[in-house]
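Chemist: below are the sequence and a predicted model for it; my questions follow.
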Amino acid sequence: MMLGRFLIAALALGAAPAVAQAQTDSAAGSAEARLRLVLENVREGRLNPALEEVDRLVGQYPNFRLAHLLRGDLLLARARPIARFGNTGHGGERLEELKLEALARLRAQSERPPQDAVPRSLLQMAPAQKHAIVIDASRFRVYLYENANGTPRLVNHFYTTLGKNGVDKLREGDRKTPLGVYFVTSMIPGKKLPDLYGWGALPISYPNEWDRLAGRTGYGIWLHGVPADTYARAPWASDGCIALANPDIEALASRVAPGATPVVIAERAEWLSPREWREQSEAFLRQVEAWRADWESRDAERYLANYARGFRSDGMNLAAWSAHKRRVNAAKAWIKVRLADLSVLRSPGKQDLMVVTFRQDYRSNSFVQRSRKRQYWVMEDGRWKIAYEAPVGRAPVALPESYPGRSTDSRSGARAGRRLD
């Protein structure tokens with residue numbers, strides 16, 4: 001029996017789980033677990049069990065087009081050897097999309113994160129961040145991590161669709177998915193949305209503060225579901241959003257806390273060993289502690305040495321910030337600063353960039369203030385320095401560019417989006 005050069009090449013991408021493990025996974029009933037079991041049976045030349053499993057798969061998920069295509073090949077393989085995946089030769093562009101989806105799913109299974117590895121981006125999760133989402137665009141994969149007593153632990157992962165024109169969004173209308181560190185801002189149930197978004201949506205905070213400083217434009221980036229007649233979309237098929245199968249977005253949403261859950265979108269996710277992760281986390285936290293202690297010292301020059309030359313905050317550059325802080329510090333008899341719920345997330349990409357969020361309790365002889373603050377730290381002159389700092393504001397919810405009937409005016413789209421919260 002020959003299932004074709006395409007499928008054999010796909011199965012050869014890497015070691016797959018044993019059939020026994022695939023059967024254990026499939027007991028959970030997920031479509032992808034059943035698909036893995038089908039392909040494992042194919043790998044071992046077990047045609048009848050593969051066909052039985054694919055029948056169960058399409059019975060449970062009748063809109064899973066990739067499973068239907070594989071079922072057709074399996075039925076044809078009973079009669080004669082087949083030359084390629086999707087052996088009927090029909091389907092055109094849609095067939096090519098299904099091939100790409102199959103390759104993406106298989107590659108993600110063969111290139112899983114190393115056991116016990118920790119995402120390089122999740123250096124410290126705050127206690128309120130019970131979960132974090134890491135998206136690997138190169139593998140079309142959404143990884144869900146839980147905060148296990150301070151250490152990120154992988155609990156699930158899902159296939160996803162990304163922007164038609166790839167990643168690294170720069171401007172409105174470029175149909176790209178952004179790269180960076182974002183936060184889920186709200187949760188919108190499907191009953192408030194067109195069928196295009198399926199189960200519902202998790203809007204994220206693109207553009208973030210750093211995107212705006214860099215001049216990036218656009219709005220309305222969501223994690224969302226798919227139409228009722230679709231199980232999954234092609235890998236590159238959205239206008240910039242992250243689209244998941246409806247059962248997957250529902251499972252993901254059950255772990256999300258709007259305003260707290262981070263979403264890190266990377267072109268290629270990176271992982272560290274637990275030892276490397278602890279070392280990098282502790283080293284950076286020492287930098288944050290040094291900044292806090294320098295602030296308490298009331299020595300303005302020590303304090304300002306923690307800020308980058310290109311620093312910005314609420315319209316102030318470094319010169320204005322320095323003059324302001326020198327005036328304030330000169331008038332203080334004492335300063336106490338306490339940081340709580342500290343989150344440290346490394347932004348993916350070429351630039352070394354840390355996104356630091358915390359609750360700040362500031363006290364002095366003449367002033368008391370509590371606030372939630374976010375900083376962006378960059379590597380400058382061989383050390384980490386603060387390039388942006390400001391209180392955290394509420395991110396508006398804007399409609400995606402794909403939203404049916406959406407106004408072409410991004411501001412009116414944002415107004416409509418807020419009504420969906």
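Modeler: On my side now, so go ahead.
Chemist: neighbours of Q115, just the number please.
Modeler: By other CB atoms under 10 Å, the residues close to Q115 number 6. (C-beta placed from N, C-alpha, C; glycine too.)
Chemist: phi first, then psi, for V328.
Modeler: In terms of degrees, to the nearest 10, the main-chain angles of V328 are phi -60, psi -50.
Chemist: now V368
Modeler: phi -130, psi 130.
Chemist: which non-adjacent residue is nearest P391?
Modeler: Nearest residue to P391, sequence neighbours excluded (CB to CB, 6 or more residues apart in numbering): S371, at 5.0 Å.
Chemist: can you tell me the element that neighbour falls in?
Modeler: Per DSSP states H and E: S371 is located in strand 368-380.
Chemist: could you spell out the sheet neighbours of that strand, each with its direction?
Modeler: strand 353-364 (antiparallel), strand 383-391 (antiparallel) (DSSP bridges).
Chemist: wait, the residue nearest to P391 touches D341, no?
Modeler: No: using CB atoms under 8 Å, S371 is not in contact with D341; the gap is 12.0 Å.
Chemist: overlap of the contact sets of those two?
Modeler: R359 (CB atoms under 8 Å, 6 or more residues apart in numbering).
Chemist: between the two, who's got more neighbours?
Modeler: D341 (15 against 12).
Chemist: quick check: which element contains that one?
Modeler: Per DSSP H and E: D341 is located in strand 335-346.
Chemist: go through that strand and flag the buried ones.
Modeler: Residues of strand 335-346 classed as buried: 335, 339, 342-346 (neighbour count, 16 or more other CB atoms under 10 Å).
Chemist: can you pick out the most distant pair from those residues?
Modeler: Farthest-apart pair in the buried residues of strand 335-346 is I335 and R346; separation 29.2 Å (CB to CB).
Chemist: follow-up on the earlier one: the strand holding S371 to strand 335-346, inter-axis angle?
Modeler: Strand 368-380 and strand 335-346 are oriented at 50 degrees to each other (axes from the mean of the first three to the mean of the last three CA atoms, to 10 degrees).
Chemist: list the buried ones in strand 368-380?
Modeler: 374-378, 380.
Chemist: any chance of the residues you listed in a markdown table, with distance to A232 too?
Modeler: Putting the buried residues of strand 368-380 into a markdown table (distance: CB to CB, whole Å) gives the following:
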| residue | distance to A232 |
| --- | --- |
| R374 | 34 |
| Q375 | 38 |
| Y376 | 35 |
| W377 | 38 |
| V378 | 38 |
| E380 | 43 |
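Chemist: and those as JSON lines, adding pLDDT and distance to D195?
Modeler: Output for the buried residues of strand 368-380, formatted as JSON lines (pLDDT from 0 to 100; distance: CB to CB, whole Å):
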{"residue": "R374", "pLDDT": "98", "distance to D195": "36"}
{"residue": "Q375", "pLDDT": "98", "distance to D195": "41"}
{"residue": "Y376", "pLDDT": "98", "distance to D195": "38"}
{"residue": "W377", "pLDDT": "98", "distance to D195": "43"}
{"residue": "V378", "pLDDT": "98", "distance to D195": "43"}
{"residue": "E380", "pLDDT": "96", "distance to D195": "49"}
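Chemist: out of those, the closest to E97 would be?
Modeler: Each of those was checked against E97 using CB to CB; the closest is Y376, at 37.7 Å.
Chemist: number of residues surrounding the nearest residue to the closest one once chain neighbours are set aside?
Modeler: Nearest residue to Y376 in three dimensions, chain neighbours excluded: Y388, at 4.1 Å (CB to CB, 6+ apart). Neighbour count of Y388, defined by other CB under 10 Å: 22.
Chemist: I figured Y388 hits L213, correct?
Modeler: Yes: the criterion here is CB under 8 Å, and Y388 meets it with L213 at 6.5 Å.
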